[in-house]
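1. Okay, predicted coordinates and the sequence, questions at the end:
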Amino acid sequence: MRIGIGFDSHRFMEGRRLVLGGVEIPFERGLWGHSDADVLCHAIIDSIIGALGLGDIGRHYPDTDERWKDASSIGLLKETIGLMRMSGYDILWIDSVVIAEEPKIGPFIDSMKEEISKAGIPRERINIKAKTAEGMGLIGRGEGMAAQAVCLLVRLGEPN
Ligand code: MG
């Protein structure tokens with residue numbers, strides 16, 4: 001078995017869509033980034049890449065590469081899961097947390113699980129939590145949001 005941890009953060013910007021876990025959330029600002037800046041998908045991707053021992057998300061999907069400009073991060077997650085399967089692993093469990101002062105994330109968690117399941121992580125193998133920063137720091141001031149994820153991978157054929 002392998003364990004991996006992922007963290008990501010992005011700043012808010014006017015005129016951008018807010019995409020989290022593959023779901024577009026109605027809000028007056030979105031997250032700035034080279035891709036769609038889906039902070040939850042990026043944290044999950046980094047946790048899987050970490051468990052595989054293959055470096056980090058920036059090595060696989062560099063923000064200097066035009067291919068990933070405005071890319072759907074659900075698509076990147078799907079690619080990462082393909083890489084994981086080629087490496088001989090499957091996902092046993094993912095736990096994750098989105099940290100944002102606003103908007104309220106809770107009502108969208110079910111839809112996020114649905115979108116993430118389409119990328120190859122069954123909804124019964126992922127948990128998504130939402131927290132605020134209690135008004136403290138840059139997240140508390142609403143400058144951006146962050147996400148953390150931890151994953152447990154099992155080698156294909158290994159009993160779990
Ligand atoms: Mg990112």
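-> Happy to help now that I have it. Quantities reported herein were computed from a predicted structural model and do not represent experimental measurements.
2. Which phi and psi values does the closest residue to D36 other than its chain neighbours adopt?
-> Counting by C-beta to C-beta, 6 or more residues apart in numbering, D36 lies nearest to V19, which is 4.6 Å off, once chain neighbours are set aside. Where you see a C-beta, it was placed from the backbone N, CA and C, and this is true even at glycine. Backbone geometry at V19, expressed as degrees, to the nearest 10, gives phi -120, psi 120.
3. From V150, how far off is V19?
-> Note on V19: its distance to V150, by C-beta to C-beta, to the nearest Å, is 22 Å.
4. Give me the more crowded residue out of those two.
-> V19 (23 against 20; other C-beta atoms under 10 Å).
5. Quick check: that one touching A71?
-> No: proximity of V19 to A71 does not meet the contact threshold set by C-beta atoms under 8 Å, at 10.9 Å.
6. Need the overlap of contacts for these two.
-> D36 (C-beta atoms under 8 Å, 6 or more residues apart in numbering).
7. What are the boundaries of the strands in this protein?
-> 2-14, 19-20, 23-24, 29-31, 89-99, 126-131, 144-155 (DSSP state E).
8. Which pLDDT does the model give the residue lying closest to P122 once chain neighbours are set aside?
-> Nearest residue to P122 in three dimensions, chain neighbours excluded: I91, at 8.0 Å (C-beta to C-beta, 6+ apart). Per-residue confidence (pLDDT) for I91: 97.
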